[in-house]
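[1] coords please:
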Amino acid sequence: MNVKEWGGKHSAIRLHNMDDPALFGEVIDWMAEGWGRLDRIVAMESRGFIFAAPLVTRCDAGLALARKHGKLPYAT
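    Next up, the predicted model:
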């Protein structure tokens with residue numbers, strides 16, 4: 001399966017394909033296409049963190065991690 005086959009009604013990225021480094025790289029390349037200059041990518045929650053880390057290197061952008069209210073660590 002390649003990235004171009006992942007369309008349709010439910011186009012969520014299938015995490016079980018992350019064990020294939022070439023396919024994971026293809027997904028990141030596909031996600032980085034066509035954005036132009038970015039200052040920062042905001043990644044939401046755990047799956048977003050996984051994809052954003054390599055994506056910022058492809059886009060030469062900064063990274064901001066976001067979590068849902070109530071998911072932040074306890075105040076110290």
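
[2] For the residue nearest the centre of the chain, give me the backbone phi and psi.
    For the chain, the residue nearest the mean C-alpha position is residue 51 (2.6 Å; Cα atoms, centre = their mean). Main-chain dihedrals, residue 51, degrees, to the nearest 10: phi -80, psi -30.

[3] Surely it is in contact with residue 28?
    Yes. Using Cβ atoms under 8 Å, residue 51 makes contact with residue 28 at a distance of 7.0 Å. Every C-beta, even on glycine, is put in place using the N, C-alpha and C of the backbone.

[4] show me the contacts for the residue nearest to the centre of the chain.
    13, 27-28, 31, 43 (Cβ atoms under 8 Å, 6 or more residues apart in numbering).

[5] how many neighbours does residue 49 have?
    By other Cβ atoms under 10 Å, the residues close to residue 49 number 14.

[6] how far away is it from residue 38?
    In this view, residue 49 and residue 38 are 17 Å apart by Cβ to Cβ, to the nearest Å.

[7] roughly how far apart are residue 67 and residue 39?
    21 Å.

[8] Looking at those two now, which is surrounded by more residues?
    Of the pair residue 67 and residue 39, residue 67 is the one with more neighbours under other Cβ under 10 Å, namely 14 against 9.

[9] what residues are up against the closest residue to the more buried one other than its chain neighbours?
    Leaving aside its sequence neighbours, residue 67 sits nearest to residue 45 (Cβ to Cβ, 6 or more residues apart in numbering; 6.3 Å). By Cβ under 8 Å, 6+ apart, residue 45 lies in contact with 66-68, 71.

[10] Please convert those to TSV, extending it with secondary structure, pLDDT and distance to residue 22.
    As requested, these are exported to TSV (DSSP: H, G, I helix; E, B strand; the rest coil; pLDDT from 0 to 100; distance: Cβ to Cβ, whole Å):
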residue	secondary structure	pLDDT	distance to residue 22
66	strand	89	29
67	coil	84	31
68	coil	80	32
71	coil	70	33
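
[11] Tabulate the residues you listed (a markdown table), appending distance to residue 21.
    Listed next are those as a markdown table, based on distance: Cβ to Cβ, whole Å:
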| residue | distance to residue 21 |
| --- | --- |
| 66 | 27 |
| 67 | 27 |
| 68 | 30 |
| 71 | 29 |
